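Q: Build me a model:
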Amino acid sequence: MKAPQMIFSLLSIFALLPMGITGPYSARDSTGARRHFTAGAFAQLPPVPIEFTMPTPPSRGRPGGRREGGANRGSCHIAGQLPLTALVPSFDTGSLVDMETETELSRASATDKEATEIRAANDIFSLTTQARPSFWFYVPYSLETTVLEFVLLDEDNNTLYRNLLSKETSNENSTNVFESNNHGIIQITLPDSAPALQPDTTYHWFFLAYCQHTPNFVEGRIARQSPLSTDSAEALMVASPREQAMFYAQNGLWQETLTLLGERYRENATDLEILRDWQSLLKSVNLEHLSEQPLLDCCEME
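A: You can find the predicted model right below:
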């Protein structure tokens, strides 16, 4: 069922422009009502923190996922103290479920015993309007010696895309030399060779780090919404990066919000305003412990 259009104002630029998102997910305030902002509402106020508004997860499909990896594997060179982590919202469903992920994990080359145990049903889910979005992960292992893999499944757990990550980057200005103590947050973007995410469709993904035959992994779901309305897309083109990030965050579009702020922070790590925005966003989804981890210019799908 399609939800009514959401209407927002993007600071002084958006004057009640319709989002144009017509899928079954939406961002709401604490009362359950859709959020509205009048034009110029923030004009005379200090910059408000960028906080993410959780969308409503899809009703179809089984909730679940794993935002943090399990115990560190023996042959991994551990450069960081935090676990393997997907930078993605976690929804607490308030119940316990049998994850029953053995079949799914076997397709992703993961047979971790921990994945089949009964555990808290945290729904690891994010929303995007992009056909080939970026995913962000904190990797505590040496990027010099660890093999990384990304797997994308459809709603029936059929493998749509699976590939190893290259430690190279297309950024000509990159000076990365990965040594034994390299660890941090990486960005990976679905390449043109990967199938485009279809609107109003939910997908299942895995990110795996191989140190032995049994990898460590994180997993979650992502759904693609219908594209933004023409008016909203045109207004975003003339908005500042911060206004764009605020708009995406208020509309529950995680991939767009995280990628915009993450790329700005990686390129301007000494800018205090950008740092505050990065910290505020991660804090709003309980990932503030990662806000000071380095953002590495790595990696790409091979």
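Q: tell me, how many neighbours does residue 141 end up with?
A: By other Cβ atoms under 10 Å, 25 other residues sit near residue 141. Backbone N, C-alpha and C define where each C-beta goes, glycine included.
Q: ok, it to residue 83 distance?
A: 10 Å (Cβ to Cβ, to the nearest Å).
Q: Over to residue 55?
A: The value you get for residue 55 to residue 83, if Cβ to Cβ is used, is 25 Å.
Q: Mind checking which of those two has more residues around it?
A: residue 55 (24 against 16).
Q: close enough to count as contact, the more buried one and residue 123?
A: No. The criterion here is Cβ atoms under 8 Å, and residue 55 misses it with residue 123 at 11.2 Å.
Q: which element follows the strand or helix carrying residue 218 toward the C-terminus?
A: Using DSSP states H and E, residue 218 sits within strand 216-224. The helix or strand immediately downstream of strand 216-224 is helix 230-238, counting by DSSP H and E.
Q: For the helix or strand following that next one, name the packing helices and strands.
A: Sequence-wise, the next helix or strand downstream of helix 230-238 (DSSP H and E) is helix 241-250. Other helices and strands packing on helix 241-250, by 3 or more Cβ pairs under 8 Å, 6 or more residues apart in numbering; DSSP states H and E, are helix 230-238, helix 254-267, helix 272-284.
Q: could you give the angle of the longest one to strand 216-224?
A: Orientation of helix 254-267 against strand 216-224 (axes from the mean of the first three to the mean of the last three Cα atoms, to 10 degrees) gives an angle of 120 degrees.
Q: List the buried residues for helix 254-267?
A: Going by neighbour count (16 or more other Cβ atoms under 10 Å), the buried part of helix 254-267 is 254, 255, 256, 257, 258, 259, 260, 261, 262, 264, 265, 266.
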